[in-house]
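Colleague: No letters, just coordinates:
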């Protein structure tokens, strides 16, 4: 019963709006997709766009952690940012697609069975 409750809890995923965490002319991206993923159905159940203001919260990892994000997906990330996210307990996954939403769908299709396994093993 507790596994069923855990499996019904959405996986919270974030991705930079343009795919890459680093913008060529503007530094770190401030615009992010936030996804709720239904693990059982292996699909996005909710998606919205939000803005990170580094003046309010200097660390991207802590801001995402406060939003409940468990996984960060992007097609380009530098080591310092990856280390910040991982230090905040957020896993980092690479996508190959330039289109972030399409990349999320591909990642979800590839990782779906593994996500179901992990959900079934998580404590309530």
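Modeller: Okay, I see it. Only a predicted model underlies this, so the values are computations on that prediction, with no experimental measurement involved.
Colleague: In a helix, residue 65, correct?
Modeller: Yes - secondary structure of residue 65 (DSSP: H, G, I helix; E, B strand; the rest coil): part of a helix.
Colleague: Next, give phi and psi for the residue nearest to it when sequence neighbours are not counted.
Modeller: Setting aside the residues directly before and after it, residue 65 is nearest to residue 88 in space (Cβ to Cβ, 6 or more residues apart in numbering), at 4.5 Å. (Glycine included, C-beta is placed from N, CA and C.) Main-chain torsions, residue 88, degrees, to the nearest 10: phi -90, psi 0.
Colleague: give me every residue that touches residue 75.
Modeller: For residue 75, the contact set (Cβ atoms under 8 Å, 6 or more residues apart in numbering) comprises 19, 20, 94, 95, 96, 97, 98, 100, 103.
Colleague: Quick check on those: which are buried?
Modeller: Neighbour-count burial (16 or more other Cβ atoms under 10 Å) is assigned, among those, to 19, 20, 95, 100, 103.
Colleague: So what sits opposite the second one in the bridge?
Modeller: Yep, that's residue 20 we're talking about. Counting by DSSP bridges, residue 20 is bridged to residue 76.
Colleague: Kindly provide the distance from it to residue 91.
Modeller: Using Cβ to Cβ, to the nearest Å, residue 20 is found at 18 Å from residue 91.
Colleague: and what of the first one?
Modeller: Residue 19 sits 18 Å away from residue 91, taking Cβ to Cβ as the criterion.
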